[in-house]
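**Q** below: sequence and its predicted model.
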Amino acid sequence: MIIIKNLTVASLLTSTLCFASNTFAQNTSPPADATTLLPSPAVNLDRALLKDIKQFVKFANKVKFFYPSQAVAATNWDKFVAETIVELSQTEPYRRQEVGLQRLREIAPFIVERRRELPDLRGNEPAVAWQQDAARTIYYYTRQLSTGNHETMKANVQLPDRNFARVKYGWRTLYMPLYLPQSASDQGLNYSDYRQWQVGTDFSSSVVCMSTVSAMWGEIHHYWPYFEQVDVNWQRSLMPLLKACTEEVPTTRIKAINSEFKKLQDEHVRIFYPWGYEPQPSYNHPFILRRVEGKSIVVGLLDVASPEIEIGDELLMLNEVPFEDLVEERASWLTNNDHTSKNHATKYLNFSAAQAPVNAIFRKPDGRVIEVNSNKVHVSEGTLVQWRPLVPRDSVAVKELESGLWQLNLYNLTQQNIQQAKAQLQDARAVVLDLRQYPKDFFAWQEGLSWFIDQPIEHGELYRYHRKGPARRAFYSQQIRQTIEVSENPLDIPVIVLASRESISLNEHALIFAKKAGMPILGVATSGINGEVMSASYFDSGQGSGIGFWYTAMRADNADGSILIGRGVQPDIYVPRTIESIIANEDNQLSAAIEYLKDQL
């Protein structure tokens, strides 16, 4: 046996599970001392209360994201919503809407029932509005209160083109300003912490959970840019998300929440639950599975695996349950899109929280069936003795394949090795460009592509959405254009580009440039998402107690303008990995690329 040094199952797991008072805003609402807060009362989440909570959080999200004031910007919305949910639960049903509106008006006093009650914007006083292309300022995105001349601001395509929005809160029709005079924008009470009850930050609390999922829902509802391309009725997902918080069993709650976010088909969506809330995958089978040709195939073996199990065997049954049933069940609630979820489900099912005996039935490539009994192994103890990666990865940037044929692993190009890589390719007759893995350097792969083009490549299938108000279509779409110029000393030789099902985001960005350059793509459809990720956290104390959330806040399309999300970059030459190539430990995609290039010479 060949021991793969320094590659443990623990390291494999790590790589796999990847906010009607005229008080000024700076006068922060005084939080009660922790010792004076009352214990949070029991919350009876009946159907009527859930409906009232749904109406409140929908309205609160509009205020949070579009009411232009310092108090709104500084409020701790996680805790405000949570404590309001508790207060609504202690209020007679006929008064709940009134109480919710009253609490919001403490922060945003100019939410009015008559249009004429809105502050006058006709004077010379500077106006204030939100300028935003995302829910917060982070990475590539900006969200800030902008101040200036009112008419000049309204002429800015990135700012609201209306002074107010008509919004619904239950049966009420209200007017919410999108612009405020600066003096009015300074009014409102900043809510910074719990005032009455010890609501806490524990996600196991149904109240904290509802505040969290409603905030996540609100970010998607107001900022996610793919509603024109994905068939999802997101309005209908709010109630199931709130109901999920009534589930006491963590795994049941997680499945219910994830199932709603799965509908987005956004491969960037990730929900990071608090440490310890869900069972930790501490054990794994003595064999490692991946999905190949639509089957769950053994691609790795631990030193404790039965000698009867071999690379290429298909797992049919696990503890008397058809393994395909387990894959389908797991895939149904993973947040991954339908295009990739079974691949991820097969991968995650290698691991479990309990060290239970395993009864497994496999089918050999020749059709024979074997039954094996074994025990699971702690992830810190297993050692891989055989490993066939489904998506090959090289450690070098450049290597010679055959006489005159070279492979350039664009994902390994960096500013440090790029000149040496180009020098090595000077005598190449043809090159395979590998983009099956995620690039290390955002700029290096672009320069690498520039060596093989004879005219500039422009990529204009990226869009930033500037949000102008709470209505779904109140946005300005800004096209982002990027260009790769021709290298000073281009290589006029045939090329072909490799893509994998794990090519995602930046990989796909690079592949779209390659498509626009007319380079043939060989492999399979990619993951199907691109654009900068937005990250959020809720009830985060800095000690792992809060929820983390990722999603895509920028729209990206395919090279021809077709839909990328959930579909991926499509190959020109379809060559999937095969069971036969896994058994033989051969890269059949690379072999097919070599044959293609030979035909071009």
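**A** Nice, thanks for sending it over. Values in this document were obtained by computation on a predicted structure and should not be read as measured data.
**Q** could you say what helices and strands the lengthiest helix in the chain packs with?
**A** Secondary structure of the chain per DSSP state H: the longest helix is helix 47-66. Helix 47-66 sits against helix 77-89, helix 96-107, strand 127-132, strand 164-169, strand 172-177, helix 206-223, helix 238-244, with contacts defined as 3 or more C-beta pairs under 8 Å, 6 or more residues apart in numbering; DSSP states H and E. Bear in mind the C-beta positions are built from the backbone N, C-alpha and C, glycine included.
**Q** now do residue 380, the pLDDT please.
**A** For residue 380, the model assigns a pLDDT of 89.
**Q** in what helix or strand does it lie?
**A** Per DSSP states H and E: residue 380 is located in neither a helix nor a strand.
**Q** burial check on it, number of neighbours?
**A** By the criterion of other C-beta atoms under 10 Å, residue 380 has 10 neighbours.
**Q** identify whichever of the helices and strands packed on helix 47-66 lies nearest to residue 68.
**A** Proximity to residue 68 (C-beta to C-beta) singles out strand 127-132 among the helices and strands packed on helix 47-66, at 4.7 Å.
**Q** returning to what we had before: can I get the helices and strands packed on helix 47-66 in TSV with mean pLDDT, mean neighbour count and distance to residue 309?
**A** As requested, the helices and strands packed on helix 47-66 are arranged in TSV below (pLDDT from 0 to 100; neighbours: other C-beta atoms under 10 Å; distance: least, C-beta to C-beta, whole Å):
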stretch	mean pLDDT	mean neighbour count	distance to residue 309
helix 77-89	98	23	48
helix 96-107	98	20	59
strand 127-132	98	24	54
strand 164-169	97	17	60
strand 172-177	97	19	63
helix 206-223	98	24	41
helix 238-244	98	19	39
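**Q** what's the closest of those to residue 433?
**A** helix 206-223 (34.7 Å).
**Q** which strands and helices sit next to that closest one?
**A** helix 47-66, helix 77-89, helix 238-244, helix 250-262, strand 457-467, strand 533-538, strand 547-552.
**Q** before we move on, the earlier item: now the helices and strands packed on helix 47-66 in TSV, please, with extra columns for distance to residue 37.
**A** Converted to TSV, these look like this (distance: least, C-beta to C-beta, whole Å):
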stretch	distance to residue 37
helix 77-89	10
helix 96-107	17
strand 127-132	32
strand 164-169	28
strand 172-177	31
helix 206-223	14
helix 238-244	24
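**Q** and the pLDDT at the residue lying closest to residue 356 once chain neighbours are set aside?
**A** Ranked by C-beta to C-beta, 6 or more residues apart in numbering and with sequence neighbours excluded, the top spatial neighbour of residue 356 is residue 376, at 6.4 Å. Per-residue confidence (pLDDT) for residue 376: 91.
**Q** quick check: mean pLDDT of the next helix or strand after the longest helix of the chain?
**A** Sequence order places helix 70-74 as the next helix or strand after helix 47-66, per DSSP H and E. In this model, helix 70-74 has a mean pLDDT of 98.
**Q** and what of stretch 384-391?
**A** pLDDT averaged over stretch 384-391 gives 96.
**Q** can you give me the end-to-end span of it?
**A** 17 Å (C-alpha to C-alpha, to the nearest Å).
**Q** out of the helices and strands packed on helix 47-66, nearest to residue 257?
**A** helix 238-244 (4.9 Å).
**Q** quick one: low-confidence parts of this structure?
**A** 1-35, 541-544 (pLDDT under 70).
**Q** and for it, the residue most distant from the center?
**A** residue 123 (44.3 Å; C-alpha atoms, centre = their mean).
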